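S.K.: Dropping a prediction and its sequence here:
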Amino acid sequence: MLRIHFTAEDLARIRVASTPDPLWEITFSLHRLQTSQGRWAYADWHRSTRATLTGTRLGAAVRRVLIPVLPRARYWPDFLSPDESADGLERGLAAILDTPPTRVAQEVGLLARSSGAPDWALRLTERGSREELVRVLRAYHEAVVAPHHDRMCESLAGERVLLSRATLDGGVGGLLTGLSPAMRWCPPVLHVDYVEDRDLNLGGRGLRLVPSYFCWQSPVSLADDTLRPVLVYPVHGSRLPAPACPEASLSALLGRTRAAALRTLALGATTSELARFLGVSPATATHHTTVLRDAGLITSRRAQNTMLHALTPLGAAMLRRPSPGPRAERDAEKGAEKGSATAVRSDF
């Protein structure tokens, strides 16, 4: 259990990430490759990623360089998840390069004691070795994470809609109560299901909340309590199980009323708000949201006596403009061919 202790000052300094954090997403996506846990929820991504990495030089580098220092374990080095990553991949990679060697040595040593580290990891105290690590991180992100950036942004946008509504209706307590089933708000302490028993005293520093697309079930925080506090947790409802009858559900969606409901939920709404907008009874609105949810187009979260609805990435994609014209598609195909031609075969 992780117990996060808030002061009144901390409650005023809670921030929610507005864009995906690239280095956290790299880490959790690597964890998804290392386990079958939750693989069904990332089935399409997993298949495409394996196809991208298998037999390539990048795949070999991921296995040789990234997985050993970012293991799916109780601990991995904090300097690989710098706060600067909130401002983009390049800022985060620059922070990794600028990490003091003494800190790198300390954290690599802790990795070696906790879950094991390769002998070469000690050379990460040298800037040249960190430059190699950064090159692999950048290449992995470009090949495996960046292609899913729009979907990740849509997931996070839906999460922020739900959290905004929870905050407006219930204040900061409503925000913290609705974060995740793995968290329980018992003022002034947020109890988080965790891999170890520890306390985190914020002491007026506030807390950065980072909804993550690739994080699965369990929230994660930095091991070093002296660093800027951060809590990364799974985006709510972004990866739904495959619907039982997708064809029937999507066919039902084509009706005019449900299309209007889907457009309304682009900004989030409760069941009663949706009913008023559509001019139907709450029971009928509930029926429409059930169909939309079964089709994987919306996600719903109960907040006290109301149900909040927001779009999933698939639902947001349904409302987007048509895809680019033939010229843009040809350019994309050329880019894909170029990337394929430069791949070097190896074993992943």
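M.R.: Looks like it came in fine.
S.K.: Just name whatever secondary elements the longest helix seen in the chain is in contact with.
M.R.: Longest helix in the chain, counting residues (DSSP state H): helix 149-177. Where contact means 3 or more CB pairs under 8 Å, 6 or more residues apart in numbering; DSSP states H and E, helix 149-177 is packed against strand 14-16, strand 183-186, strand 207-212, strand 298-303, strand 306-311, helix 313-319. The C-beta positions use only the backbone N, C-alpha and C, and glycine is treated the same way.
S.K.: ok, of those, where does mean pLDDT dip lowest?
M.R.: For the helices and strands packed on helix 149-177, mean pLDDT drops lowest on helix 313-319, to a mean of 76.
S.K.: Give me the contacts around that one.
M.R.: The contact list for helix 313-319 (CB atoms under 8 Å, 6 or more residues apart in numbering) reads 150-152, 154-155, 157-158, 238, 262-263, 265-266, 292, 296-298, 311.
S.K.: Using CSV, list the CA coordinates for that helix.
M.R.: Extracted in CSV, the C-alpha atoms of helix 313-319 (Å, rounded to 0.1, in the frame of the first residue of the first chain):
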residue,chain,number,x,y,z
PRO,A,313,-10.5,6.7,-28.8
LEU,A,314,-12.7,4.7,-31.1
GLY,A,315,-15.7,7.0,-30.4
ALA,A,316,-13.5,10.1,-31.0
ALA,A,317,-12.3,8.6,-34.3
MET,A,318,-15.9,8.1,-35.4
LEU,A,319,-16.4,11.9,-35.2
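S.K.: And that helix, what's buried?
M.R.: Going by neighbour count (16 or more other CB atoms under 10 Å), the buried part of helix 313-319 is 313, 314, 315, 316, 318.
S.K.: returning to what we had before: out of the helices and strands packed on helix 149-177, the one nearest residue 135 is which?
M.R.: Smallest distance to residue 135 across the helices and strands packed on helix 149-177 (CB to CB): 23.7 Å, for strand 207-212.
S.K.: In its sheet, which strands sit next to that closest one, and in what direction?
M.R.: Partners of strand 207-212 in the sheet, by DSSP bridges, are strand 14-16 (parallel), strand 230-234 (parallel).
S.K.: measure residue 139 to residue 66 for me?
M.R.: Distance of residue 139 to residue 66, computed by CB to CB, to the nearest Å: 10 Å.
S.K.: higher neighbour count, these two?
M.R.: In this view residue 139 and residue 66 are compared by other CB atoms under 10 Å, and residue 66 has more residues nearby, 21 against 15.
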